[in-house]
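Chemist: Generate a structure from the sequence data that follows.
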Amino acid sequence: MHRVILLGLPLMLWIHCGKGDDGGGGSSPVTCTGKTCACNGGETCDVTEVCGEANDCSLTCYGESSCSGSCGQSCIVGCDTDASCSVTVGAGGTVGCDPGSNCQVTCTGSCTLDCGRGAECKLKCASDAAPRKVTLATSCP
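Modeler: A predicted model of the protein is given here:
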């Protein structure tokens with residue numbers, strides 16, 4: 001059974017997410033309800049596996065989880081307090097990093113990184129030679 005997960009991002013989201021149940025009776029580290037997916041606290045989740053090539057994908061990585069991988073255009077990744085996120089997002093992507101989280105973000109086009117106070121954030125835009133440390137909200141052109 002899927003649980004309702006509420007995101008702090010007040011956006012209408014259109015995603016394809018089929019990883020909430022592995023079909024084999026086992027449990028998955030990712031739960032999805034409708035068009036909203038989450039990496040359960042303390043789990044390791046592959047953003048690429050959850051989002052695939054889909055655009056407008058949304059995934060929240062909850063406390064003490066570790067999320068890595070890539071997603072398509074206009075995807076949204078939320079990195080909760082004490083979570084670690086290392087993601088590559090497509091054009092129009094948004095990554096939100098709560099205080100106490102650790103985020104490493106690579107943008108393949110324009111994107112926004114919202115780095116909460118106390119979060120450790122690094123951003124690499126398509127035109128950057130190397131990731132740079134950022135604070136607060138920043139974007140790639």
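Chemist: center of this structure - which residue?
Modeler: residue 77 (2.2 Å; C-alpha atoms, centre = their mean).
Chemist: Contacts only, for that one.
Modeler: 47, 58-61, 67, 71, 85, 87, 89, 93-96 (C-beta atoms under 8 Å, 6 or more residues apart in numbering). Where C-beta positions appear, they are placed from N, C-alpha and C, glycine not excepted.
Chemist: most neighbours, which of these?
Modeler: With neighbours taken as other C-beta atoms under 10 Å, the top of those is residue 61, carrying 32 neighbours.
Chemist: Quick check: that one vs residue 101, distance?
Modeler: According to C-beta to C-beta, to the nearest Å, residue 61 and residue 101 sit 8 Å apart.
Chemist: could you show me where the helices are in this protein, in order?
Modeler: Using DSSP state H, the helices found in the chain span residues 47-51.
Chemist: picking up where we left off before, which residue sits closest to the residue nearest to the centre of the chain in space, ignoring its chain neighbours?
Modeler: residue 95 (4.8 Å; C-beta to C-beta, 6 or more residues apart in numbering).
Chemist: The one you found and residue 83 touch, don't they?
Modeler: No: contact between residue 95 and residue 83 fails when scored by C-beta atoms under 8 Å: they sit 11.6 Å apart.
Chemist: if I read this right, residue 82 contacts residue 42, doesn't it?
Modeler: No: applying C-beta under 8 Å as the test, residue 82 and residue 42 come out as separate, 9.6 Å apart.
Chemist: hang on, the earlier thing: what residues are bridge-paired with the residue nearest to the centre of the chain?
Modeler: Bridge pairing for residue 77 (DSSP bridges) gives the partners residue 59, residue 95.
Chemist: before we move on, what about the one 10 residues further on?
Modeler: Beta bridges link residue 87 to residue 69, residue 105 when assigned by DSSP bridges.
Chemist: quick one: low-confidence parts of the protein?
Modeler: 1-27, 34-35 (pLDDT under 70).
Chemist: which among the contacts of residue 77 gets closest to residue 30?
Modeler: residue 59 (7.7 Å; C-beta to C-beta).
Chemist: State the distance from the nearest residue to residue 68 once chain neighbours are set aside to residue 123.
Modeler: Leaving out its chain neighbours, the residue that sits closest to residue 68 by C-beta to C-beta, 6+ apart is residue 86, at 4.3 Å. Here the criterion is C-beta to C-beta. By it, residue 86 lies 12 Å from residue 123.
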